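Student: Any chance you can model this:
(chains A and B)
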Amino acid sequence: MTLLETKNLTRAFGGVVAVNNVDFQCEKGEVTGLIGPNGAGKTTFFNDITGLDKPTCGRVIFDGEDITGLPPYRIARKGIARTFQNIRLFKELTVIENVLIGLHFKLGGNPRFVAGMRSFLFMGKEREEMVERAYRALDFLGMSDKANELAKNLPYGHQRELEIARALASDPKLIFLDEPAAGMNPNETASLVGLIRRIKDKGISIVLIEHDMKLVMTICDSIVVLNYGNKIASGTPEQVRSNPLVIRAYLGGEGND
Amino acid sequence: MNFVLLILIYTCLFSFMALGQNVITGYGGMLSLCQAGFYAIGSYSVAILTTKFSFGFWPALLVGVAVAVVVGILIGLPTLRLKGDYLAIATLGLGEIIRNVINNWQSLTNGPMGIQRIPMLSFFGYRINPYLNKAGFLLMLVVILTICALLVLRLSKTRIGRALEAVREDELAALSAGINSTVYKVLAFSIGAALASIGGGFYSVLTLSISPGTYTFMMSVIVLCMVVLGGMGNVLGVFLGALIIQIISYLPELLNLTNLIPPQLKEMLFGIILVVMMIFRPEGILGRSKRHKFERGGV
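Tutor: Numbering: from 1, shown residues only, chains lettered A, B, ... in the order given. Sure, this is the predicted structure:
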């Protein structure tokens, strides 16, 4: 079953077409890889889906609902969480506060304003439940012991993991990971593979941008390749690996092979 | 003695503005420069309603707060999209616009002449004469200021405050985590406006005569200095900053050296203090307050 689908998604910055007519599908419960050389438009594509940027034309359909052009906080509330290529944590907040922000809208109740006022007047009750949930998200990443440290004091690898914990806290249906292995050593990458598998086992679908081909080929159920904003290939890892267009995009050459 | 009490009273009045500035700049990370404008709204609401419409002080103060909040929301919605210096310029303009409207709306505000004969306030049926009973006036201010400070502290520890700080730290990440950043920024801005207008309302019943010349841009800058000096995001720091700046402002009079020390000295001292702080302790004297610790199973 298709969870997320884009139809003719296009984003042009003036004359530069960063994403061109991309049809993309991501199946429920699967890990979908999005690969392509630098500047292929992968991050722009992520931003257009998650609402940080507005597509020029085309549609984004999530769980049967058109979410094109909604503000990012509305999209997040529909169940799409994300991490960023360059880590974006709330640095002066503690680890657990970062996670609490991740599930901010979850325990808001309705209407949200009333819930906010209630938490202002009677701090106790709601918070215990929230803290417990945040701790469970940290347990999942094995970093509960660092809950009360400032996010900025964490080592790099843990900062990446904290971003994932923040994204997972709200129990999203789909999570976008933008180059999670960037800057990681082989050991950290190996544990990342395990982590992505465990996220998948929770029933959360994953869309992954990554340059580490070994990682992509190991864990992705299907892969989509972008080059200069165009989708040039899609399919299983084996199909993509042997696709001549993909090889040319990565290794260069103008058809003289 | 009376003079020391007066300085403390002014410290309290400025603390209301600085407390609001702390919510806007310290928690929300927005560089706003129009606390004097909201202070003016509070002052004039009280002055106009008590002299022309025979309101009591307290209902007039409430109306003043409501007006400040409405103006805060109306101006906040479009301008809070701006960041950093751009927001500073826009809010600076707002403060000046408020002052100029007051200066020119003759029929309502009496223009540059200002408003005189503002009735004294009574606190639980007890009339407080600001000339004869400065201690009483100060005590009342301290009580109300403490209540406001506790509310601000509480706000900073709940989900509202946390979301506001997340928006300050990284707005894109906050948006992607499902936080409607505009709501929290406008909320912070209007809380700041409300606090400043409370201070302004009490200023009217302190001097019993007000004029537009008081609410200058310099006043907003001084309020910002108080917060930067004491420590952004630290309620105690705000009071400390306000007290230090007030003492410096009245230093020649306090030392009985008005003949020797020129009044310009205080501007020089402000400048030196700000430069020294920026070099040696940019987080302010007290720095940001410690984060709350969250343990498993409550507390």
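Student: For residue 20, what is the enclosing helix or strand?
Tutor: Just going to use chain A. Using DSSP states H and E, residue A:20 maps to strand A:16-27.
Student: oops, I was thinking of chain B
Tutor: helix B:2-21.
Student: picking that back up, helices or strands up against the strand holding residue A:20?
Tutor: strand A:2-13, helix A:42-50, strand A:205-209, strand A:222-227, strand A:230-235 (3 or more CB pairs under 8 Å, 6 or more residues apart in numbering or on different chains; DSSP states H and E). C-beta here means a position set from N, CA and C on the backbone, and glycine is covered the same way.
Student: Give the full set of residues in contact with the residue nearest to residue B:186 when sequence neighbours are not counted.
Tutor: Spatial nearest neighbour of residue B:186, chain neighbours left out: residue B:76 (4.3 Å); criterion: CB to CB, 6 or more residues apart in numbering or on different chains. Each residue near residue B:76 by CB atoms under 8 Å, 6 or more residues apart in numbering or on different chains is listed here: B:185-186, B:189-190.
Student: do residue A:162 as well
Tutor: A:89, A:95, A:98-99, A:141, A:143, A:151, A:154.
Student: and if we set it to 10 Å?
Tutor: Residue A:162 is in contact with A:83, A:87, A:89-90, A:95-96, A:98-99, A:102, A:137-138, A:141, A:143, A:146, A:149, A:151, A:154, counting by CB atoms under 10 Å, 6 or more residues apart in numbering or on different chains.
Student: quick one, domains of chain A?
Tutor: The record, using automatic domain parsing to delimit domains, assigns chain A the ranges A:1-79+A:172-257, A:93-170.
Student: any idea of the mean pLDDT in the first one?
Tutor: Okay, so that is domain A:1-79+A:172-257. Summarised as a single mean, pLDDT over domain A:1-79+A:172-257 is 90.
Student: Show the model's pLDDT score for residue B:284.
Tutor: pLDDT, read off for residue B:284, is 86.
Student: For residue A:170, which residues are in contact?
Tutor: A:76-77, A:79-81, A:99, A:101-107, A:133, A:137, B:177-178.
Student: could you redo the last one with a cut-off of 7 Å?
Tutor: Listed by CB atoms under 7 Å, 6 or more residues apart in numbering or on different chains, the contact set of residue A:170 reads A:81, A:102-103, A:106, B:178.
Student: hmm, which of those are the buried ones?
Tutor: A:81, A:102-103, B:178 (16 or more other CB atoms under 10 Å in any protein chain shown).
Student: least confident pick among those?
Tutor: residue A:103 (86).
Student: I'd assumed residue A:133 was in contact with it.
Tutor: Yes: with contact defined as CB atoms under 7 Å, residue A:103 reaches residue A:133; the gap is 5.9 Å.
Student: Give the residues shared as contacts by these two.
Tutor: What both residue A:103 and residue A:133 touch, as defined by CB under 7 Å, 6+ apart, is the set residue A:169.
Student: Surely residue A:26 touches residue A:1?
Tutor: No: Residue A:26 is beyond contact range of residue A:1, at 10.5 Å (criterion: CB under 7 Å).
Student: mind listing what's buried in stretch B:44-58?
Tutor: Those would be B:44-51, B:55, B:57, for stretch B:44-58 by 16+ other CB under 10 Å.
Student: ok, back up a step: which residues does the strand holding residue A:20 contact?
Tutor: Outside strand A:16-27, the residues touching it (CB under 7 Å, 6+ apart) are A:1-11, A:32, A:41, A:44-45, A:48, A:205, A:207, A:224, A:229-231.
Student: Could you do stretch B:277-284 as well?
Tutor: By CB under 7 Å, 6+ apart, stretch B:277-284 touches B:228-232, B:234, B:237.
Student: ok, so of these, who is nearest residue B:28?
Tutor: Each of those was checked against residue B:28 using CB to CB; the closest is residue B:232, at 10.4 Å.
Student: Check whether stretch A:92-104 comes into contact with chain B.
Tutor: Yes: with CB under 7 Å from any CB of the partner chain as the criterion, chain B is reached by stretch A:92-104 at A:92-94, A:96-97, A:100-102, A:104.
Student: Run the chain-centre distance for that stretch.
Tutor: Between the centre of stretch A:92-104 and the centre of its chain there are 18 Å (CA atoms, centre = their mean, to the nearest Å).
Student: in that stretch, what counts as buried?
Tutor: Neighbour-count burial for stretch A:92-104 flags A:92-104 (criterion: 16+ other CB under 10 Å).
Student: Identify the farthest-apart pair in those residues.
Tutor: Taking CB to CB, no two of the buried residues of stretch A:92-104 sit farther apart than A:92 and A:103, at 19.4 Å.
Student: Which strands or helices does whatever helix or strand comes next after the helix holding residue B:20 pack on?
Tutor: On the C-terminal side of helix B:2-21, the nearest following helix or strand under DSSP H and E is helix B:35-52. When contacts are defined as 3 or more CB pairs under 7 Å, 6 or more residues apart in numbering or on different chains; DSSP states H and E, helix B:35-52 packs onto helix B:2-21, helix B:57-79, helix B:84-104, helix B:106-109, helix B:181-207, helix B:217-230.
Student: close to chain B, is stretch A:133-141?
Tutor: Yes: with CB under 7 Å from any CB as the criterion, chain B is reached by stretch A:133-141 at residue A:135.
Student: List the buried residues for that stretch?
Tutor: A:133-135, A:137-138, A:140-141.
Student: With stretch B:244-263 instead?
Tutor: B:244-246, B:248-249, B:252.
Student: Convert the C-alpha atoms of that stretch to CSV, please.
Tutor: Coordinates of each C-alpha in stretch B:244-263 appear next as CSV, following Å, rounded to 0.1, in the frame of the first residue of the first chain:
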residue,chain,number,x,y,z
ILE,B,244,22.1,48.4,38.6
ILE,B,245,21.0,50.6,35.7
GLN,B,246,18.7,52.7,37.9
ILE,B,247,21.5,53.2,40.4
ILE,B,248,23.8,54.3,37.6
SER,B,249,21.2,56.7,36.3
TYR,B,250,20.9,58.5,39.6
LEU,B,251,24.5,58.1,40.7
PRO,B,252,25.4,61.9,40.8
GLU,B,253,22.3,62.6,42.9
LEU,B,254,22.9,59.6,45.2
LEU,B,255,26.4,60.7,45.9
ASN,B,256,25.3,64.3,46.3
LEU,B,257,27.9,65.2,43.6
THR,B,258,25.6,66.9,41.1
ASN,B,259,27.9,69.9,41.0
LEU,B,260,30.9,67.7,40.1
ILE,B,261,29.6,64.9,37.9
PRO,B,262,27.9,66.0,34.7
PRO,B,263,24.6,64.3,33.9
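Student: Close to chain B: what parts of the stretch 1-150 of chain A are there?
Tutor: A:50, A:52, A:72-73, A:76-77, A:82, A:84, A:88, A:90-94, A:96-97, A:100-102, A:104-105, A:116, A:119-120, A:123, A:128, A:131, A:135, A:147-148.
Student: For residue A:26, list each beta-bridge partner.
Tutor: Note on residue A:26: beta-bridge partners residue A:4, judged by DSSP bridges.
Student: Distance of it relative to residue A:61?
Tutor: Counting by CB to CB, to the nearest Å, the gap from residue A:26 to residue A:61 is 11 Å.
Student: The two: which has the busier surroundings?
Tutor: More crowded of residue A:26 and residue A:61, by other CB atoms under 10 Å in any protein chain shown: residue A:26, with 24 against 16.
Student: Checking the residue nearest in space to the middle of chain A next. Helix, strand or coil?
Tutor: Closest residue to the average C-alpha location of chain A: residue A:176 at 1.4 Å, with CA atoms, centre = their mean. Secondary structure assignment for residue A:176 (DSSP: H, G, I helix; E, B strand; the rest coil): strand.
Student: doesn't residue B:218 make contact with residue B:92?
Tutor: No: using CB under 7 Å, residue B:92 is not in contact with residue B:218, being 11.3 Å away.
Student: and the two? which has more neighbours close in?
Tutor: residue B:92 (18 against 11).
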